[in-house]
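**Q** sequence and predicted model, in that order:
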Amino acid sequence: MTEENLNNCISEIASRYNIDGRITAVKKIGSGHINDTFKVDFASGAGVNSYVFQRVNDFVFSNPEIIMNNIKKVSDYISEKFGDDSPEASMILGFENTSDGSNYVSAPEGFWRVSKYIDAGTYDMITDGKVLYNTGFAFGRFQDILSGFDANTLEETIPDFHNTKKRTEVFFSGVEKDELGRCDSCRAEIDFFEKHRKDFSRLVELHECGILPYRVTHNDTKFNNILIDKVTGKPICVLDLDTVMPGLAAYDFGDAVRGGTNNTAEDETDLSKVGINFEYYEQFTRGFITASKNFLTVSEKDSMALAAVTIAYELASRFLLDYITGDKYFRISHEGHNLERARCQIRLCENMLSCYDKMCGIVDKYYN
Ligand code: GN1
Ligand code: MG
């Protein structure tokens, strides 16, 4: 989209809201792979007010209304239980209402939502132990405050999102079709999935046989989905609630561990750098388990480290499948980016398999 088109589009969406002033700047922000996020400044006699405008990716979310309904249900529950002005209520980023009282706009320009801009940090990687602990605590606390909410009243915004068993089947059917002829360029990676084809269905099976319950989970706990106070290092609120839906408690732990306690970036090409950093892992785990152990069963606790390995495997398969099928899902910055991401997650998965017992031991230490 050209700059002029983008500005016109943002003006059109802004006209649905009662926001004072005229637009003076539009800046793309955030590092998510799915939605498009902009900081928009409005100048009026009272000064400059900034908002975040976000366009939801309707290729990924075919029915974004479901997302907004889930978010509303969850926020209403928290407000009723803890109060509108409680610290619990402020943990979730709220959306502005349009002049018609809706928390989103669905228009020819796409599906948009708007929130107040908060001047805080978002970090793809966190290296400060205290902040890692706080981040773990925030994701654990998010589940804790929702532990009394009936997860079955939420709809799945992406069905079978963390159903690794189904995702493995979808992966192999994409490989079989190989519509773009890309499989020859990633045989070694495909072999990895062949080798482990049956190994990562355990969490799904433990849920199916009633051992692991569904809870309200975030399902996308990358560290950049938490706003952090730049001065105190304390989390301000949890962002990106698009995948808040029924899930296993361990998915949130696992996804955060794979994304945030790796020594390096998610798309690192120097694979010798990839691996769990146990200093980060221990701080994050201490925070997450401290905040969630009130409601976590022993079986859930025992599934935490397995979820980290499983989500790395699952995401590796998603990145590789997206590469094989033409990079339609995850935004890429260059040709082959999804293949690089897949390689990095494969290496991380192998690394976690090699230190699995140590990972479990650290979870035990803070649960007991
Ligand atoms: C996507 O939206 P974003 O960039 O925070 C993806 C996650 C992946 C992540 C990998 C809805 O998250 O599942 O773990 O990329 N979100 C969706 O970086 O598919
Ligand atoms: Mg997301």
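**A** Okay, I see it. Ligands and ions are numbered 1, 2, ... in the order given.

**Q** helices of the stretch 101-250 of the chain, start to end?
**A** With DSSP state H, counting those that start in this stretch as the criterion, the stretch 101-250 of the chain has helices at 129-145, 164-177, 187-195, 202-208, 249-260.

**Q** deepest-packed of those helices, please.
**A** Each of the helices of the stretch 101-250 of the chain was scored by mean neighbour count; the highest is helix 249-260, a mean of 28, by mean count of other C-beta atoms under 10 Å. In short, each C-beta sits where N, CA and C put it, glycine included.

**Q** ok, and what's touching the very next helix or strand once past that one?
**A** Once helix 249-260 ends, the next helix or strand along the chain (criterion: DSSP states H and E) is helix 278-292. Contacts of helix 278-292 with the rest of the structure, by C-beta atoms under 8 Å, 6 or more residues apart in numbering, involve 126-127, 129-130, 132-141, 143-144, 249, 252-253, 256-257, 260-261, 296, 301, 304, 355, 358-359, 362-363, 366-367.

**Q** buried set for helix 278-292?
**A** Of the residues in helix 278-292, 280-292 count as buried by neighbour count, 16 or more other C-beta atoms under 10 Å.

**Q** near ligand 1 too, which of those residues?
**A** Contacts with ligand 1 are made by none of these, judged by C-beta under 6 Å from any ligand atom.

**Q** pick the one among those closest to Ser115.
**A** Comparing those against Ser115 with C-beta to C-beta places Ala291 closest, at 24.4 Å.

**Q** hmm, back to that, and the buried residues of helix 278-292 near ligand 2, which?
**A** When C-beta under 5 Å from the ion is applied, no member of the buried residues of helix 278-292 is adjacent to ligand 2.

**Q** now, which of the residues you listed sits nearest Arg197?
**A** Nearest member of the buried residues of helix 278-292 to Arg197, counting by C-beta to C-beta, is Tyr281, at 27.3 Å.

**Q** name the nearest residue to the spatially most central residue of the chain, ignoring sequence neighbours.
**A** Centroid check for the chain by C-alpha atoms, centre = their mean gives Asp220 as the closest residue, at 2.0 Å. Once flanking residues are discounted, Asp220 sits nearest to Thr243: 4.7 Å by C-beta to C-beta, 6 or more residues apart in numbering.

**Q** do Gly174 as well
**A** Leu321 is the one closest to Gly174 (C-beta to C-beta, 6+ apart), at 4.8 Å.

**Q** ok so the one you found is a helix residue?
**A** Yes. Assignment of Leu321 by DSSP: H, G, I helix; E, B strand; the rest coil places it within a helix.

**Q** now for it: which residues touch it?
**A** So Leu321 contacts Val170, Phe171, Gly174, Val175 (C-beta under 8 Å, 6+ apart).

**Q** could you measure from it over to His162?
**A** Separation of Leu321 from His162 (C-beta to C-beta, to the nearest Å) stands at 15 Å.

**Q** do Ile276 as well
**A** Per C-beta to C-beta, Ile276 is found 20 Å from His162.

**Q** residues touching the residue nearest to the centre of the chain, list them.
**A** Asp220 sits next to Asp240, Asp242, Thr243, Asp255 when contact means C-beta under 8 Å, 6+ apart.

**Q** those residues: which two are farthest apart?
**A** Asp242 and Asp255, at 13.5 Å, using C-beta to C-beta across the contacts of Asp220.

**Q** that older thread, what would the contacts of Leu321 look like in TSV with pLDDT?
**A** What follows is the contacts of Leu321, written out as TSV (pLDDT from 0 to 100):
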residue	pLDDT
Val170	98
Phe171	98
Gly174	98
Val175	98
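
**Q** is it possible to export those residues to CSV including distance to ligand 2?
**A** Shown next, in CSV, are the contacts of Leu321 (distance: C-beta to the ion, whole Å):
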residue, distance to ligand 2
Val170, 19
Phe171, 20
Gly174, 22
Val175, 26
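
**Q** grab the nearest non-local neighbour of Gly32.
**A** Nearest non-adjacent residue to Gly32, counting by C-beta to C-beta, 6+ apart: Asp240, 6.8 Å away.

**Q** give me the number of residues near that neighbour?
**A** Around Asp240 there are 21 other residues, counting by other C-beta atoms under 10 Å.
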